[in-house]
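Peer 1: can't give you the sequence, but here's the structure:
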């Protein structure tokens, strides 16, 4: 078996997208790339994951600072 050189992902993506654009054009390339995207996460599940990883203390402080600067005195 031959040793294969493995490209870094950014280089691989740049070359592959460039090849697709050269061969099929930008519109068809965009259509193809959008087909390859995964299924969108349901919004409630996405929000639950956001809450799970939220630093509640830092979030509360940022809201407090924001409202303090926005409310009329």
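Peer 2: Nice, I can see it. Worth saying up front: this structure is predicted, and the values here are computed from it rather than measured.
Peer 1: what about residue 29, neighbour count?
Peer 2: By other C-beta atoms under 10 Å, the residues close to residue 29 number 18. Quick note: C-beta positions are derived from backbone N, CA and C, even for glycine.
Peer 1: for it, give me the pLDDT.
Peer 2: As predicted, residue 29 sits at a pLDDT of 90.
Peer 1: wait, what's in contact with it?
Peer 2: Residues near residue 29 by C-beta atoms under 8 Å, 6 or more residues apart in numbering: 17, 20-21.
Peer 1: repeat that for 6 Å
Peer 2: Each residue near residue 29 by C-beta atoms under 6 Å, 6 or more residues apart in numbering is listed here: 20-21.
Peer 1: tell me which element it is part of?
Peer 2: Using DSSP states H and E, residue 29 sits within helix 26-36.
Peer 1: buried set for that helix?
Peer 2: Buried residues in helix 26-36, defined by neighbour count with 16 or more other C-beta atoms under 10 Å: residue 29.
Peer 1: any idea how far that helix is from the chain center?
Peer 2: Its chain's C-alpha centre and that of helix 26-36 lie 17 Å apart, by C-alpha atoms, centre = their mean, to the nearest Å.
Peer 1: who touches the helix or strand following that helix?
Peer 2: Sequence order places helix 43-52 as the next helix or strand after helix 26-36, per DSSP H and E. The contact list for helix 43-52, computed with C-beta under 6 Å, 6+ apart, is empty.
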